[in-house]
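>>> need coordinates for the following:
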Amino acid sequence: MAVTYSLLGLAAALTGKLFGQLTTHPVAYLIVGNVCLVFALSMLGVFEIQLPGRWGQARPGTSERGMGTVLLMGASSGVIAAPCTVPVLGVLLTFVAQTRNVAFGFTLLLAFAFGLGTLLILLGTFTGLVTSLPKSGLWLKRMQRVFGILLILMAEFFLIQAGKNL
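This is a model prediction of the structure:
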């Protein structure tokens, strides 16, 4: 996540005004809306999204995954976490784009990513807490449906915004 957000900070600082123009362009809204829709349909069970076979497998003859796979999975988790952090992330990126300070943008977003990762680090440190979490079951399926519907509503919002800006 640190790599993903730090690179976003660099991109915002280097592109300045262009970054703001790209993120408010109707095509950006269309892309985000369609991505939300695809994930919503997956959550509702219309189809299943799976990683390519080799990404989730251990290296032959070992039980460990390669460093590249681990880095890719961590970096992509920053993208997965993005919908939860969009309001704060949007403000930070806009601020960094206005300052156009590359070092500041990189370190600000790096600190933001570390803050997001703190919960994961704590959970990994105190694995005993994981066993006290509720087991999956009917409640989890219901929550998955609720969040699938919420994602459809988010997709609708972004698609409406795209239509307004065309």
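
>>> can you give me the strands in this protein?
Assigned by DSSP state E, the chain shows no strands.

>>> which stretches of it have low pLDDT?
Within the chain, the stretches with pLDDT under 70 are 20, 51-65, 77-87, 129-130.

>>> can you pull out the helices in it?
Taking DSSP state H as the criterion, the chain contains helices spanning 2-15, 17-23, 26-43, 67-99, 102-125, 128-131, 138-165.

>>> so of these, which one's packed in deepest?
Of all the helices of the chain, helix 2-15 has the most neighbours on average by mean count of other CB atoms under 10 Å, namely a mean of 20. All C-beta atoms are positioned from the backbone trio N, CA, C, and that covers glycine.

>>> related to what we said a few turns ago, format the helices of the chain as CSV; extra columns: distance to Ile49.
Shown next, in CSV, are these (distance: least, CB to CB, whole Å):
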stretch, distance to Ile49
helix 2-15, 19
helix 17-23, 25
helix 26-43, 5
helix 67-99, 11
helix 102-125, 22
helix 128-131, 24
helix 138-165, 13
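
>>> how about the ones you listed, which one is nearest Gln50?
helix 26-43 (9.9 Å; CB to CB).

>>> what does the closest one contact?
Applying CB atoms under 8 Å, 6 or more residues apart in numbering, the contact partners of helix 26-43 are 22, 47-49, 83, 144-145, 147-149, 151-152, 154-159, 161-163, 165-166.

>>> just stretch 101-119 next, same as before
Stretch 101-119 is contacted by residues 1-2, 4-6, 8-10, 12-14, 78, 81, 85, 88-89, 92-93, 95-96, 99 when judged by CB under 8 Å, 6+ apart.

>>> same thing but 10 Å
1-14, 74, 77-78, 81, 84-85, 88-89, 92-93, 95-97, 99, 121, 124 (CB atoms under 10 Å, 6 or more residues apart in numbering).
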